[in-house]
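1. 3D, please:
(chains A, B, C and D)
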Number of protein chains: 2
Amino acid sequence: MTIRDVAREAGVSVATVSRVFNDSGPVGDETRQRIITVATRLRYTPDSAARSLITRRTNTLGVLLPDLYGEFFSEVIRGIDPTAQRSGYHILVSRSHNDRRELEAAMRAMRGRVDGLVVMSPDIDAEALVANLPDDCPVVLLNCVVEGTDFDSLNIDNFGGAYAMVQHLLGRGHERIAFIAGHERNHDAAERLRAYRAALKDAGAEWREEWERSGDFTEASGYRAAAEIAELSPRPTAIFSANDSMAIGALSALREAGLRVPEDVAVAGFDDIPIARYMSPPLTSVHVAISELGERATRTLLHAVEEKNQHQKTQATLPTTLVIRQSCGGDHG
Amino acid sequence: MTIRDVAREAGVSVATVSRVFNDSGPVGDETRQRIITVATRLRYTPDSAARSLITRRTNTLGVLLPDLYGEFFSEVIRGIDPTAQRSGYHILVSRSHNDRRELEAAMRAMRGRVDGLVVMSPDIDAEALVANLPDDCPVVLLNCVVEGTDFDSLNIDNFGGAYAMVQHLLGRGHERIAFIAGHERNHDAAERLRAYRAALKDAGAEWREEWERSGDFTEASGYRAAAEIAELSPRPTAIFSANDSMAIGALSALREAGLRVPEDVAVAGFDDIPIARYMSPPLTSVHVAISELGERATRTLLHAVEEKNQHQKTQATLPTTLVIRQSCGGDHG
DNA sequence: GTCCCGACTGTAAACGTTTCCAGTCGCAGC
DNA sequence: GCTGCGACTGGAAACGTTTACAGTCGGGAC
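-> Sure, this is the predicted structure:
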């Protein structure tokens, strides 16, 4: 079923059929009706490859994500997909790029298949990668280290959120606060660590190297780190984890070590994933509107596509809020 | 940068350049070298639209998923994406189709953009939907009600898993086992409920309508259901939830009701999402290899594409296993 | 020397659209 | 009645590939 079949069957030219399907140019009412009837009868669908070939548009957005854990991935997509769909765009997803080479290959592969790209790459210097792209390809950088104003970018307020959380813990009287960090290569993780140190220093609170443990954002690594922290003496009275997954692992480790949360040790996480409030005890966390992150990135990208990338680039930071629950003494304690 | 530019620059015909890029037909060694050099210098990438137009292949797989909760979505994609990538395929993801109309629209939109489709639709009669598709379009049905052998399909052993779990609980001496169900329209949920009833009946155990509560697979609904169950008298001594998210909600509700798990009430879930083992107490569950589900579906689909859908269709069921942890008395008690 | 074959290369026709340009037609204004 | 204009329609070029077909050329078999 090509446009030609429809045209022949309806007794018109292909141009007219095309005009009907694209609402471009005038078409007589009864001609339009006839074409629509014929087209539905024949189950005609325009061939998107042919269409892209000539219009130079694919109506597809590329989404490049790292190998995210748990609900984060899910939530980002939940923000992106409906937004894209509403504007008639599809999304081409590519996941799990651990090193630079993989990410570059993925970008190359997407080239020409998409009208724009959302790239999330907290581990890798995305700006340099993007430089390899044809400069008429719109890109939105998500959670990337980005300098200058050449690209649209969207970040979480990692520093502000973590700083506020440490302040909160200090305010509750905790004097020995441990920290479970993420990979040092990861930008988000690094910022949260930086804020932890800064908050302690600014408050004149004690800092010890042994209170900083490194994980990799998985529950398992949080479990290990907390198990180690529980052995320290004097034992820290609070553990702040760079993300919720590790905090959840930490809760599990503390319970097994026979320590009560929050009485013996307070715990706080970062991200406020949906499941956090259902932990035992409910997890205090730094709330991030993850799906909103995806949604805003998509909006920005759609705008860039619309403007053929000739628009004013923007750099935005998504605010975070503290969500105090029982794992750090919380509202009930 | 079109193939013509490369051809001109290298002093050959477009056919030869095409042959080099597709490894089709013989090309002289030094000619090949020259073409590759020129192409990289010019940063030439074949236009995928033009290529699809003539080859009738897109090298893209469509993935249609319902609005999945929590980690399930993430895990399915984790199985699909790398498998597709390894075979040189991209994936076009579309999410959140709650009713039949939306799903149909999504399918139509993907038509012509993909070489095959993975459709997961436990709520909707997918087989009927698929009938609307051109019959040369390969489809793999995931977790769908499917009769006959006209389609490739892959299912979880919902009945077997749930049956085994109820048996296990009975074996531990529980005589009043409550069940938190999912939507009755959802095929997975319905099967698990059916198994719960069958297992009780086969064992000659007591069944009461008030022990069956319905949820919607979210933590919040599990929370509500468990809160109600906790009020019953006599109180059930075990709660089996149709998925882990609801079980986690249930744990939270029981804790708030002042009940101990597993001493007062045992809890079991279904899916064994990665986070289950980190609950307090660690959650007993029916393990499902979610990412393997995605991976196998993809393999099947790739095979179908290879065979132009002229292959023998297969219907497979993925086995489940019991994972006994402390929330139901578990290995430690 | 002729013939044939295989290796290599080029020409040009498709693929299914969109869109520029030109054409037809009816009608209002003069 | 002629002109001009607007609404509608059609013809055909273009988009960037792949691929069937045909052509060239060198060398081995006879």
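2. can you pull out the helices in the stretch 101-250 of chain A?
-> Remark: helices of the stretch 101-250 of chain A, listed N- to C-terminal, are A:126-131, A:158-171, A:187-202, A:219-231, A:244-256; assignment by DSSP state H, counting those that start in this stretch.
3. and of those, who's closest to residue A:85?
-> Checking those against residue A:85 by C-beta to C-beta gives helix A:126-131 as the closest, at 25.2 Å. To be clear about C-beta, it is placed using only N, CA and C from the backbone, and glycine gets the same treatment.
4. enumerate the residues of chain A near DNA strand C.
-> A:1-4, A:14-15, A:18-19, A:21-22, A:24, A:44-47, A:50-51, A:53-55 (C-beta under 7 Å from any atom of the strand).
5. out of those residues, which end up buried?
-> Neighbour-count burial (16 or more other C-beta atoms under 10 Å in any protein chain shown) is assigned, among the residues of chain A next to DNA strand C, to A:3, A:18, A:19, A:21, A:44, A:46, A:47, A:50, A:51, A:53.
6. looking at those residues, which one is closest to residue A:316?
-> For these, the closest approach to residue A:316 (C-beta to C-beta) belongs to residue A:51, at 33.2 Å.
7. and residue A:242, its phi and psi?
-> Summarising the backbone geometry of residue A:242 under the convention degrees, to the nearest 10, its torsions are phi -70, psi -10.
8. thought it was touching residue A:191?
-> No. Assessed by C-beta atoms under 8 Å, residue A:242 is found out of contact with residue A:191, at 9.4 Å.
9. before we move on, the earlier item: next, format the buried ones among the residues of chain A next to DNA strand C as CSV and append secondary structure and pLDDT.
-> Listed next are those as CSV, based on DSSP: H, G, I helix; E, B strand; the rest coil; pLDDT from 0 to 100:
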residue, secondary structure, pLDDT
A:3, helix, 95
A:18, helix, 96
A:19, helix, 96
A:21, helix, 95
A:44, coil, 93
A:46, coil, 94
A:47, coil, 94
A:50, helix, 96
A:51, helix, 96
A:53, helix, 95
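10. can you pull the contacts of the residue nearest to residue A:216 when sequence neighbours are not counted?
-> Taking C-beta to C-beta, 6 or more residues apart in numbering or on different chains as the measure, residue A:216 lies nearest to residue A:183, with 5.7 Å between them; neighbours along the chain are not counted. Contacts of residue A:183 were listed using C-beta atoms under 8 Å, 6 or more residues apart in numbering or on different chains, and they are A:123, A:189, A:214, A:216, A:217.
11. would you confirm that the first one contacts residue A:184?
-> No. The criterion here is C-beta under 8 Å, and residue A:123 misses it with residue A:184 at 10.2 Å.
12. joint contacts of residue A:242 and residue A:191?
-> Residues touching both residue A:242 and residue A:191 (C-beta under 8 Å, 6+ apart) are residue A:162.
13. more neighbours: which of the two?
-> Residue environment comparison for residue A:242 versus residue A:191 gives the larger neighbour count to residue A:242, 31 against 24, counting by other C-beta atoms under 10 Å in any protein chain shown.
14. could you look up the SS state of the closest residue to DNA strand C within the stretch 201-333 of chain A?
-> For the stretch 201-333 of chain A and DNA strand C, the shortest gap (C-beta to the nearest atom of the strand) falls at residue A:308, measuring 13.9 Å. When classified by DSSP: H, G, I helix; E, B strand; the rest coil, residue A:308 comes out as coil.
15. check contacts around the residue nearest the centre of chain A.
-> Relative to the mean C-alpha position of chain A, the nearest C-alpha, by C-alpha atoms, centre = their mean, is the one of residue A:76, at 4.6 Å. Contact criterion C-beta under 8 Å, 6+ apart gives A:65, A:68, A:120, A:142, A:290, A:291, A:293, A:294 as the residues in contact with residue A:76.
16. any idea which of the residues you listed is closest to residue B:286?
-> Ranking the contacts of residue A:76 by separation from residue B:286, with C-beta to C-beta as the measure, puts residue A:68 on top at 25.3 Å.
17. looking at it, that closest one is touching residue B:75, isn't it?
-> No. Because the distance of 11.5 Å does not satisfy C-beta under 8 Å, residue A:68 is recorded as not touching residue B:75.
18. when those two are compared, which one has more neighbours?
-> In this comparison of residue A:68 against residue B:75, neighbours counted by other C-beta under 10 Å, the higher total goes to residue B:75 at 24 against 20.
19. so that one makes contact with residue B:294?
-> Yes. Contact between residue B:75 and residue B:294 holds when scored by C-beta under 8 Å: they sit 7.2 Å apart.
20. re earlier: neighbour-wise, which of residue A:123 and residue A:184 wins?
-> residue A:123 (23 against 10).
21. so what secondary structure elements neighbour the worst-scoring helix or strand of chain A on mean pLDDT?
-> The helix or strand of chain A with the poorest confidence is helix A:126-131; it has a mean of 77 (mean pLDDT, DSSP states H and E). Packing contacts for helix A:126-131, counted by 3 or more C-beta pairs under 8 Å, 6 or more residues apart in numbering or on different chains; DSSP states H and E, involve helix A:100-110, strand A:116-120, strand A:139-142.
22. ok, residues contacting it?
-> A:100, A:103-104, A:107, A:119, A:121, A:139, A:141, A:144-148, A:150-151.
23. redo the contacts of residue A:76 as a markdown table? Include distance to residue B:130, pLDDT and secondary structure.
-> Rendered in a markdown table, the data for the contacts of residue A:76 read as follows (distance: C-beta to C-beta, whole Å; pLDDT from 0 to 100; DSSP: H, G, I helix; E, B strand; the rest coil):
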| residue | distance to residue B:130 | pLDDT | secondary structure |
| --- | --- | --- | --- |
| A:65 | 29 | 91 | strand |
| A:68 | 31 | 77 | coil |
| A:120 | 33 | 92 | strand |
| A:142 | 35 | 92 | strand |
| A:290 | 33 | 91 | helix |
| A:291 | 30 | 92 | helix |
| A:293 | 35 | 95 | helix |
| A:294 | 30 | 96 | helix |
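24. of these, keep whichever come out buried.
-> Judged by 16+ other C-beta under 10 Å, buried ones among those: A:65, A:68, A:120, A:142, A:290, A:291, A:293, A:294.
25. any weak-confidence spans in the stretch 151-300 of chain A?
-> When the per-residue scores of the stretch 151-300 of chain A are filtered using pLDDT under 70, no range remains.
26. can you report how many residues neighbour residue A:179?
-> As a burial measure, the neighbour count of residue A:179 was computed by other C-beta under 10 Å and equals 25.
27. what do you get for the one 3 residues further on?
-> The tally of other residues near residue A:182 (other C-beta under 10 Å) stands at 27.
28. what sits closest to it if chain neighbours are left out?
-> Distance criterion C-beta to C-beta, 6+ apart; nearest residue to residue A:182, sequence neighbours excluded, is residue A:189 at 2.8 Å.
29. wait, which of the helices and strands packed on helix A:126-131 is closest to residue B:264?
-> strand A:116-120 (44.0 Å).
30. tell me the strands beside the closest one, with direction?
-> Using DSSP bridges, the strands paired with strand A:116-120 in its sheet are strand A:60-65 (parallel), strand A:139-142 (parallel).
31. since we're on whichever residue of the stretch 101-250 of chain A sits closest to DNA strand D, how many residues are nearby?
-> Nearest to DNA strand D in the stretch 101-250 of chain A, going by C-beta to the nearest atom of the strand, is residue A:112, at a distance of 8.2 Å. When counting by other C-beta under 10 Å, one arrives at 18 neighbours for residue A:112.
32. before we move on, what about residue A:79?
-> A count of neighbours around residue A:79, defined by other C-beta under 10 Å, yields 20.
33. tell me the helix or strand right after the helix or strand that contains it.
-> Secondary structure assignment for residue A:79, by DSSP states H and E: helix A:71-86. Counting by DSSP H and E, the next helix or strand C-terminal to helix A:71-86 is strand A:90-95.
34. now for residue A:281: which residues touch it?
-> By C-beta under 8 Å, 6+ apart, residue A:281 lies in contact with A:261, A:262, A:325, A:326, A:327, A:330, B:255.
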